[in-house]
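*Asks:* give me a 3D structure for the following:
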Amino acid sequence: MGTTLTRLRHAGLRDLVSGLMVSLVLFGCTYARKPAGPIPVKEVPAPRQAPERPLVIVLPGRGDDLDDLARTGIAEAVQKGWPDADVLLAGVTIGYYADGKIAQRLHDEVIVPARQRGYHEIWLSGASMGGVGALLYERSYPHDVTGLVLYAPFMGDPTLIREVVAAGGPSAWDPGPPPAAVDSDNYQRELWRLVKGWQDPQEGRRIWLACGDRDRFVAVARLIAPLLLKDHYAEIGGGHDWEVWDQGALYVFSRIAALPR
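*Replies:* Just a heads-up that it's a prediction; the model follows:
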């Protein structure tokens with residue numbers, strides 16, 4: 001635990017600033033203009049056209065828009081691991097979080113239309129801030145998607161993470177009573193409450209996590225990893241960037257492709 005705490009202290013200021021920005025945006029900060037239109041998407045059809053194709057939805061990190069996401073190589077990495085999968089890149093930039101309704105918007109504008117097009121197996125994935133979006137979706141619509149694939153998700157300010165570490169990890173940590181509503185003061189604790197539930201094997205088997213071994217969030221990823229099935233956590237050489245997450249996607253989706261259906 002000492003090493004984890006040391007790493008958290010070293011990353012503390014940078015993560016705290018990032019956390020404050022995400023918190024403000026998620027719950028109405030005025031500097032992030034809320035887009036007027038629907039969430040933009042880009043479809044990447046599967047290279048192998050199976051009759052019952054799964055869908056992998058990818059949410060970007062804080063600094064990326066849809067064009068940036070399309071240039072990362074993430075769709076190609078997913079499909080290299082799982083040639084049967086269609087990929088839907090969703091341009092959920094930071095402004096889409098501004099009204100605190102990101103889960104509802106993902107449901108209404110992305111997930112429901114996908115189901116109407118005939119998709120039954122849907123995986124929701126997200127990197128960094130996109131991981132927050134995926135987790136908030138799971139909290140609001142539990143089990144609505146087949147599973148989550150998270151790449152170095154932002155999991156809150158160092159003070160909260162140190163609280164989880166001091167308790168002995170998320171399994172032993174007590175989040176307290178659930179709030180009446182999620183807001184900027186409690187959403188990070190609610191992310192960890194959701195993670196704590198993954199100690200149930202039926203929950204943990206739906207979650208996959210990848211992180212760079214030099215990522216500033218790797219200590220957090222290592223806190224989560226024991227709740228998942230053994231091969232559901234991948235630690236890859238590198239930092240907090242798409243090159244690492246592309247490798248993580250190849251690792252994860254090649255294994256998801258091999259699951260019995």
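*Asks:* tell me who's in contact with the most centrally placed residue in the chain.
*Replies:* Centroid-nearest residue in the chain, with C-alpha atoms, centre = their mean: residue 131, separated by 2.0 Å. By C-beta atoms under 8 Å, 6 or more residues apart in numbering, the contact set of residue 131 is 59, 150-154. Heads up, the C-betas are built off the backbone N, CA and C, glycines and all.
*Asks:* go with 7 Å
*Replies:* Residues in contact with residue 131 (C-beta atoms under 7 Å, 6 or more residues apart in numbering) are 150-151, 153-154.
*Asks:* and it, which of the three is it?
*Replies:* The three-state assignment at residue 131 reads helix, by DSSP: H, G, I helix; E, B strand; the rest coil.
*Asks:* per-residue pLDDT, it?
*Replies:* pLDDT for residue 131: 97.
*Asks:* cool, residue 185 as well?
*Replies:* 88.
*Asks:* quick one on the thing from earlier: out of the contacts of residue 131, which is most surrounded?
*Replies:* residue 151 (35 neighbours; other C-beta atoms under 10 Å).
*Asks:* any idea how far residue 165 is from that residue?
*Replies:* Distance, residue 151 to residue 165, by C-beta to C-beta, to the nearest Å: 22 Å.
*Asks:* quickly find the element holding the closest residue to residue 132 other than its chain neighbours.
*Replies:* Nearest residue to residue 132 in three dimensions, chain neighbours excluded: residue 154, at 5.5 Å (C-beta to C-beta, 6 or more residues apart in numbering). Residue 154 belongs to no helix or strand when assigned by DSSP states H and E.
*Asks:* my read: residue 154 touches residue 133, true?
*Replies:* No: the criterion here is C-beta atoms under 7 Å, and residue 154 misses it with residue 133 at 10.1 Å.
*Asks:* follow-up on the earlier one: just the contacts of residue 131 now: which is nearest residue 234?
*Replies:* residue 151 (9.6 Å; C-beta to C-beta).
*Asks:* next up, the contacts around the closest one.
*Replies:* Residue 151 touches 127, 131, 210, 245, 248, counting by C-beta under 7 Å, 6+ apart.
*Asks:* where exactly do the strands run in the stretch 151-261 of the chain?
*Replies:* For the stretch 151-261 of the chain, strands defined by DSSP state E, counting those that start in this stretch occupy the ranges 207-212, 233-236.
*Asks:* Throw these into TSV and include mean pLDDT, mean neighbour count and distance to residue 259, thanks.
*Replies:* Compiled in TSV, these are given as follows (pLDDT from 0 to 100; neighbours: other C-beta atoms under 10 Å; distance: least, C-beta to C-beta, whole Å):
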stretch	mean pLDDT	mean neighbour count	distance to residue 259
strand 207-212	98	26	11
strand 233-236	98	20	16
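*Asks:* the ones you listed into JSON lines, with extra columns for distance to residue 252?
*Replies:* Formatted as JSON lines, the strands of the stretch 151-261 of the chain follow (distance: least, C-beta to C-beta, whole Å):
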{"stretch": "strand 207-212", "distance to residue 252": "5"}
{"stretch": "strand 233-236", "distance to residue 252": "7"}
